[in-house]
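[1] Provided below for reference: sequence and predicted model.
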There are 2 protein chains.
Amino acid sequence: MYYPEPISKLIDSFTKLPGIGPKTAARLAFFVLEMEEDDVLDFAKSLVSAKRELTHCSVCGHITDQDPCAICQDEQRDGSLICVVQDPKDVIAMEKMKEFSGKYHVLHGAISPMDGIGPEDINISTLINRLKDEGVEELIVATNPNIEGEATAMYISRLVKPAGIRISRIAHGLPVGGDLEYADEVTLSKAMEGRREL
Amino acid sequence: MYYPEPISKLIDSFTKLPGIGPKTAARLAFFVLEMEEDDVLDFAKSLVSAKRELTHCSVCGHITDQDPCAICQDEQRDGSLICVVQDPKDVIAMEKMKEFSGKYHVLHGAISPMDGIGPEDINISTLINRLKDEGVEELIVATNPNIEGEATAMYISRLVKPAGIRISRIAHGLPVGGDLEYADEVTLSKAMEGRREL
């Protein structure tokens, strides 16, 4: 017994979080002991309420504390344009850009036969229903630029093209501020392929 | 509004922990959303109980859920030998070694005139009382090997030597598995100074 029971339990809880090993967990747990009691209570409450009060929006699948979510309810947004992303975090990344005024659809994953994840395991069927019900005209597929994301984009594209909906994929190329020298050849070849006239 | 309120509160709470910036905090918060509800409740409970149930041992100053702490109550341990450390975490590091059978005294800091911390701000007066009451014969000062730790060791040594108590300082030298090439000159000079006959 190195630690008194309450602190070893807290260390265990911290260790369950991603990227936090036993040493960091111990450091965080000892820090909690030195925190103001009010802050600790707030922390505990926010853990429980984040878990309990948040659900997935029944329309777009984004995390929300009201259903439908604030974005789906927003009349100012263009309902004919939907951006398809893999993850709620991606919605937040897009929103930070402050340039997209359409709505979103969160897939909660990507097609990955290697991991046994097929089209029916992710949020695609609700997307297809939305296309009919909401009069969607354009779909921007912003899944991740890796094999699973590309496969998912391809699958969705084949599914919706017959319905006459415009569908596009976000551009691949060099990240802004990046360095040509350090770009991998696949990215560079995509950047060449996607070149635009000046 | 990027995040629904419950999750932004949780992100704020994570951000208060040391070494956790806004990005990591968001990652952890989203991870909590995917955790089992029971695990989240356990986490919340262990936060509150670690804060509420743990106090400092009135004898040695170590964190504990009973007073006096398990180490102070342990009759098997040699009460005539006390190891003085700066921090409860140091007690745990010493205990992991599994070689020390004496008791501990936690100072909760070190003398640091630069930060306005004098001898009366750390747990030294209780140490002096223990020396008389518990019949202590030997003191091992294991404060950190830096200026503040050395100053504290020196201060304690001047205080207890007149009472005829043996006092020693843990050795400075090369860490086991370290490399001579990368050792700084102060450590190297301490290692030379503390050399022992073979």
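    Here it is on my side, so go on.
[2] can you name the residues that contact A:Arg77?
    A:Ile71, A:Ser101, A:Gly102, A:Lys103 (Cβ atoms under 8 Å, 6 or more residues apart in numbering or on different chains). (C-beta placed from N, C-alpha, C; glycine too.)
[3] distance of it from A:Cys83?
    The spacing between A:Arg77 and A:Cys83, counted by Cβ to Cβ, to the nearest Å, is 11 Å.
[4] what does A:Glu34 give?
    A:Glu34 is 44 Å from A:Cys83, by Cβ to Cβ.
[5] just for chain A, where's the confidence low?
    Within chain A, the stretches with pLDDT under 70 are A:1-2.
[6] three-state assignment of the spatially closest residue to A:Val141 that is not a sequence neighbour?
    Using Cβ to Cβ, 6 or more residues apart in numbering or on different chains and skipping the chain neighbours, the partner closest in space to A:Val141 is A:Ala153 (4.3 Å). With DSSP: H, G, I helix; E, B strand; the rest coil as the basis, A:Ala153 sits in helix.
[7] and for the one 5 residues further on?
    Under the three-state scheme (three-state DSSP), the conformation of A:Arg158 reads as helix.
[8] count of residues packed around it?
    Around A:Arg158 there are 10 other residues, counting by other Cβ atoms under 10 Å in any protein chain shown.
[9] A:Met94 now?
    19.
[10] okay, now the sheet partners of the lengthiest strand in chain A, with direction.
    Taking DSSP state E as the criterion, chain A has its longest strand at strand A:78-85. According to DSSP bridges, strand A:78-85 forms sheet pairs with strand A:102-106 (parallel), strand A:138-141 (parallel).
[11] who's in contact with A:Lys16?
    B:Met35, B:Asp39, B:Phe43.
[12] between those, which has the most around it?
    Highest neighbour count within those: B:Phe43, with 23 neighbours (other Cβ under 10 Å).
[13] could you tell me how many residues sit around the residue lying closest to A:Pro18 once chain neighbours are set aside?
    Nearest in space to A:Pro18, with sequence neighbours left out and distances taken as Cβ to Cβ, 6+ apart, is B:Phe31 at 5.4 Å. Neighbourhood size, B:Phe31 [other Cβ under 10 Å]: 14.
[14] before we move on, what about A:Asn129?
    Counted with other Cβ under 10 Å, residues neighbouring A:Asn129 total 11.
[15] got a list of what the residue most central in space within chain A touches?
    Nearest residue to the geometric centre of chain A (Cα atoms, centre = their mean): A:Asp87, 2.0 Å. The contact partners of A:Asp87, by Cβ under 8 Å, 6+ apart, come to A:Val106, A:Leu107, A:His108.
[16] overlap in contacts of A:Arg77 and A:Cys83?
    Overlap of the contact sets of A:Arg77 and A:Cys83 (by Cβ under 8 Å, 6+ apart) consists of A:Gly102, A:Lys103.
[17] ranges for the strands of chain A?
    With strands called from DSSP E, chain A shows them at A:55-56, A:63-64, A:78-85, A:102-106, A:138-141, A:166-169.
[18] ok, the last one: who's next to it in the sheet?
    Strands flanking strand A:166-169 in the sheet, each with its direction: strand A:138-141 (parallel) (DSSP bridges).
[19] how about the partner strand as CSV, C-alpha atoms only?
    Extracted C-alpha coordinates of strand A:138-141, given in CSV (Å, rounded to 0.1, in the frame of the first residue of the first chain):
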residue,chain,number,x,y,z
GLU,A,138,-25.2,19.8,-52.3
LEU,A,139,-23.1,17.5,-50.2
ILE,A,140,-19.5,18.3,-49.1
VAL,A,141,-17.7,15.2,-47.9
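[20] buried residues in that strand, which are they?
    Going by neighbour count (16 or more other Cβ atoms under 10 Å in any protein chain shown), the buried part of strand A:138-141 is A:Leu139, A:Ile140, A:Val141.
[21] got it, and stretch A:173-192?
    Residues of stretch A:173-192 classed as buried: A:Gly173, A:Ala183, A:Thr187, A:Lys190, A:Ala191 (neighbour count, 16+ other Cβ under 10 Å).
[22] just the buried positions in stretch A:62-82, please.
    A:His62, A:Ile63, A:Thr64, A:Asp65, A:Cys69, A:Ile71, A:Cys72, A:Leu81, A:Ile82.
[23] okay, how far is it across that stretch, tip to tip?
    13 Å (Cα to Cα, to the nearest Å).
[24] run the chain-centre distance for that stretch.
    15 Å (Cα atoms, centre = their mean, to the nearest Å).
[25] rewinding a little: quick one: buried ones out of the contacts of A:Asp87?
    Buried among these by 16+ other Cβ under 10 Å: A:Val106, A:Leu107.
[26] out of the contacts of A:Lys16, which touch chain A?
    The subset of those within reach of chain A, by Cβ under 8 Å from any Cβ of the partner chain, is B:Met35, B:Asp39, B:Phe43.
[27] and which of the residues you listed is nearest chain A?
    Nearest to chain A among the ones next to chain A among the contacts of A:Lys16: B:Phe43, at 4.0 Å, using Cβ to the nearest Cβ.
[28] check contacts around the residue lying closest to that closest one once chain neighbours are set aside.
    Spatially, and ignoring its direct neighbours in sequence, B:Phe43 is nearest to A:Ser13 (4.0 Å; Cβ to Cβ, 6+ apart). Applying Cβ under 8 Å, 6+ apart, one finds that A:Ser13 lies in contact with B:Asp39, B:Asp42, B:Phe43, B:Ser46, B:Leu47.
[29] ok, back up a step: columns distance to A:Glu95 on top of the contacts of A:Asp87, output as JSON lines?
    Output for those, formatted as JSON lines (distance: Cβ to Cβ, whole Å):
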{"residue": "A:Val106", "distance to A:Glu95": "12"}
{"residue": "A:Leu107", "distance to A:Glu95": "17"}
{"residue": "A:His108", "distance to A:Glu95": "18"}
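[30] can you name the residues that contact A:Ala142?
    Contacts of A:Ala142 (Cβ under 8 Å, 6+ apart): A:Cys83, A:Val84, A:Val85, A:Asp90, A:Met94, A:Ile170.
[31] which residues does the first one bridge with?
    Beta-bridge partners of A:Cys83, counted by DSSP bridges, are A:Tyr104, A:Ile140.
[32] next, count neighbours for it.
    By the criterion of other Cβ under 10 Å, A:Cys83 has 20 neighbours.
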